[in-house]
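**Q** Sequence first, predicted model second:
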Amino acid sequence: MSIELTWLGHASWLVFVKSSTTGEHRILIDPFLDDSPTAPVKSDGVSADFILISHGHFDHIADAAKIARRTGALVISNYEICEWLGKQGVEQTHPHNLGGGSEQKFGRVQLTLAFHSSALPDGSNGGNPSGFLLSIDGANLYFACDTALFGDMRMIGERGIDVAVLPIGDQFTMGPDDALRAVKLIEPKVVVPSHYGTWPPIDQDAQAWAARVKAETKAQPRVVQPGGKISV
Ligand SMILES: [Zn+2]
């Protein structure tokens, strides 16, 4: 079994799972590609079997409907976002709510708490924002998605997190200081910064942050450029 994470810029990630028992699965998280200044690929160039949407903001959902319609991918999100995408011709949706999970072909997905907001681009109610915990063949991947720091991250960490993907951009999410505190709560083996460098308000020095992670925690920081890959 192998798991590979590719950063598609901003908060967009592609998780590629290759398993001798369950086959190959492409899990696309928060696709924002066509209008992202840092995305290495456009929406018509990605393949997906599953699309996970953390909340309703344009920089997470902008390309979800068109990719889902083209690929037939199953969209996993909260109830309100699944309903909204359904009205845009997305046929395969699997609604959840916070704390709820389900078994999928690649493994288990669970929606975790996230402290943020979630209005959809047309002003519709986008439900509650979430993060995602993916359990794939014994490996736990935690995507905090857009969130503030919160103490219950420690409970997520109690599962034993192999890879945590955390926002460090500041202004709209945790910044570098709180993301470092999050690493201390979660205690992941590997931590990856996300949601930075897209536009000036969220520019951050990810290498400097990684150096602090290395000095102050046991986690191994991994910084990639958009298009870069991380093997789990
Ligand atoms: Zn965002």
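**A** Nice, I can see it.
**Q** Check the secondary structure at residue 65 for me.
**A** helix (DSSP: H, G, I helix; E, B strand; the rest coil).
**Q** Could you verify my assumption that it touches residue 88?
**A** Yes. Using C-beta atoms under 8 Å, residue 65 is in contact with residue 88, at 4.3 Å. Using the backbone N, CA and C atoms, a C-beta is placed for each residue, glycine as well.
**Q** quick one, which of the two is more surrounded?
**A** Neighbour comparison, residue 65 and residue 88: the larger count goes to residue 65, with 20 against 11 (by other C-beta atoms under 10 Å).
**Q** what about stretch 185-192, how long is it end to end?
**A** One end of stretch 185-192 sits 15 Å from the other (C-alpha to C-alpha, to the nearest Å).
**Q** Quick one: name the residues of the chain near the ion.
**A** The chain has residues 59, 146 near the ion, with proximity defined as C-beta under 5 Å from the ion.
**Q** switch the cut-off to 8 Å
**A** 10-11, 30, 55, 57, 59-60, 116, 146, 167, 172-173, 195 (C-beta under 8 Å from the ion).
**Q** and those, which two are the farthest apart?
**A** Greatest spacing in the residues of the chain next to the ion, by C-beta to C-beta: 10 and 116 (14.7 Å).
**Q** Give me the more crowded residue out of the two.
**A** Comparing residue 10 with residue 116 by other C-beta under 10 Å, the one with more neighbours is residue 10, at 27 against 20.
**Q** Need phi/psi at that one.
**A** Note on residue 10: backbone dihedrals following degrees, to the nearest 10 are phi 50, psi -120.
**Q** neighbours of residue 206, just the number please.
**A** When neighbours are counted by other C-beta under 10 Å, residue 206 comes out with 21.
**Q** Sorry, slip of the keys, the one I care about is residue 15.
**A** Close neighbours of residue 15, defined as other C-beta under 10 Å, add up to 26.
**Q** does it sit in a helix, a strand or a coil?
**A** strand.
**Q** and the residue lying closest to it once chain neighbours are set aside, what are its bridge partners?
**A** Nearest non-adjacent residue to residue 15, counting by C-beta to C-beta, 6 or more residues apart in numbering: residue 27, 4.2 Å away. Using DSSP bridges, the beta-bridge partners of residue 27 come out as residue 15, residue 50.
**Q** I figured residue 27 hits residue 46, correct?
**A** No. If you go by C-beta under 8 Å, residue 27 and residue 46 don't touch, sitting 11.4 Å apart.
**Q** Look at those two and report which has more neighbours.
**A** More neighbours surround residue 27 than the other of residue 27 and residue 46, with 27 against 22 (other C-beta under 10 Å).
**Q** Touching, residue 43 and residue 65? I think so.
**A** No. At 9.8 Å, residue 43 and residue 65 do not qualify as touching, with contact defined as C-beta under 8 Å.
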